[in-house]
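> let me see the structure of the following:
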Amino acid sequence: LAVYSHGVTGLSAIYSYQALVLASHGTAVLMIDHTDGSAPAVRRRDGSLLTYVKDVLRFVDDGGGAEDEGGEDAAFVRARRAQTDHRVEEMLAAASAFRNLNRTDVPDLVRAGVSFVGLLDVEDVTFAGHSFGGATALTAASRRPDACGAVVAHEPAVDWMPDDARAALFPDGKFR
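Numbering: from 1, shown residues only. Below is the predicted model of the structure:
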C-alpha cells in the first residue's frame with residue numbers, strides 16, 4: 001500500500017504517473033486531495049468546493065503575525081506548519097481507511113463489483129509525497145512510525161515540517 005500526498009497547488013491527478021508506476025508493480029495507491037487549502041480546488045463531502053487559500057497566515061492562531069519575532073516569514077512558516085498538522089491527520093486517516101478495506105467491504109465499491117477484502121498487504125505501507133506532500137509524509141511517519149514501513153519524499157518542504165518531525169530526521173544533538 002502507498003498513500004500519496006500532493007504538493008502546494010497540486011492535486012492527486014497531477015501525480016498520476018507516480019501512482020501508475022507503483023500500481024504497475026503491484027502496489028495499491030491511495031492519492032489524497034488535501035482539504036487544508038493547498039490544492040487548487042477540492043470537492044468536499046457536502047458538495048461544496050474548497051479553493052486554494054492564498055492567505056495561509058489565517059492558519060496561525062497564536063496572537064502573533066508579521067510584527068512578532070521573526071516577522072512575516074516566520075508567520076508564514078508557522079502557518080504552513082499548521083497546515084502540515086492538518087495534512088498529517090488526513091494522511092493517517094487515509095492510511096487507516098485503506099487498511100480497513102482489507103477487512104470490510106464498502107457498499108459503493110461492492111455495487112461496482114470491487115472488493116479488497118483479504119487482498120491488501122496492510123503490513124507494508126509507504127507514505128509518499130512531493131514538496132509539501134513530502135513534508136507531510138515525513139511528519140506522519142515521524143509521529144506514527146507504527147503506521148508505515150517506508151517514506152518516499154520527493155523534494156520535501158522540510159522547513160514546513162513542525163519542529164518535532166524535523167528533529168526526528170537528525171541524530172540527537174544535531175538539530176538546533
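> contact partners of stretch 156-171?
Contact partners of stretch 156-171, identified using Cβ atoms under 8 Å, 6 or more residues apart in numbering, comprise 7-8, 77, 80-81, 83-85, 129, 131-132, 134-135, 137-139, 142-143, 175. (Each C-beta comes from the backbone N, C-alpha and C, glycine too.)
> repeat that with 6 Å
77, 80-81, 84, 131-132, 134-135, 138-139, 142, 175 (Cβ atoms under 6 Å, 6 or more residues apart in numbering).
> ok, now stretch 22-40?
1-5, 8-9, 11-12, 19, 42, 50, 52-53, 83, 86-87, 90, 94, 98, 120, 132.
> in it, what's buried?
Of the residues in stretch 22-40, 22, 28-34, 36-39 count as buried by neighbour count, 16 or more other Cβ atoms under 10 Å.
> quick check: longest helix in the chain by residues?
Across the chain, the longest stretch assigned as helix under DSSP state H is helix 71-100.
> and that one, how far out from the chain's middle?
The chain centre lies 7 Å from the centre of helix 71-100; the measure is Cα atoms, centre = their mean, to the nearest Å.
> next, the buried residues of that helix.
Neighbour count says helix 71-100 has 75-84, 86-88, 90-92, 94-95, 98 buried, by 16+ other Cβ under 10 Å.
> following it, which helix or strand shows up next?
Next helix or strand after helix 71-100 toward the C-terminus (DSSP states H and E): helix 107-111.
> by contact count, what packs against that next one?
The contact analysis (3 or more Cβ pairs under 6 Å, 6 or more residues apart in numbering; DSSP states H and E) places helix 107-111 against no helix or strand.
> can you list contacts of that helix?
Under Cβ under 6 Å, 6+ apart, the answer for helix 107-111 is an empty list.
> just the CA trace of the helix or strand that that helix is followed by, in PDB.
Going down the chain from helix 107-111, the next helix or strand is strand 126-130, by DSSP H and E. C-alpha atoms of strand 126-130 as PDB (Å, rounded to 0.1, in the frame of the first residue of the first chain):
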ATOM      1  CA  THR A 126       4.600   3.500   2.300                       C
ATOM      2  CA  PHE A 127       3.900   7.200   2.900                       C
ATOM      3  CA  ALA A 128       4.900   9.300  -0.100                       C
ATOM      4  CA  GLY A 129       4.600  12.800  -1.400                       C
ATOM      5  CA  HIS A 130       6.200  15.700  -3.300                       C
END
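> done for today, thanks.
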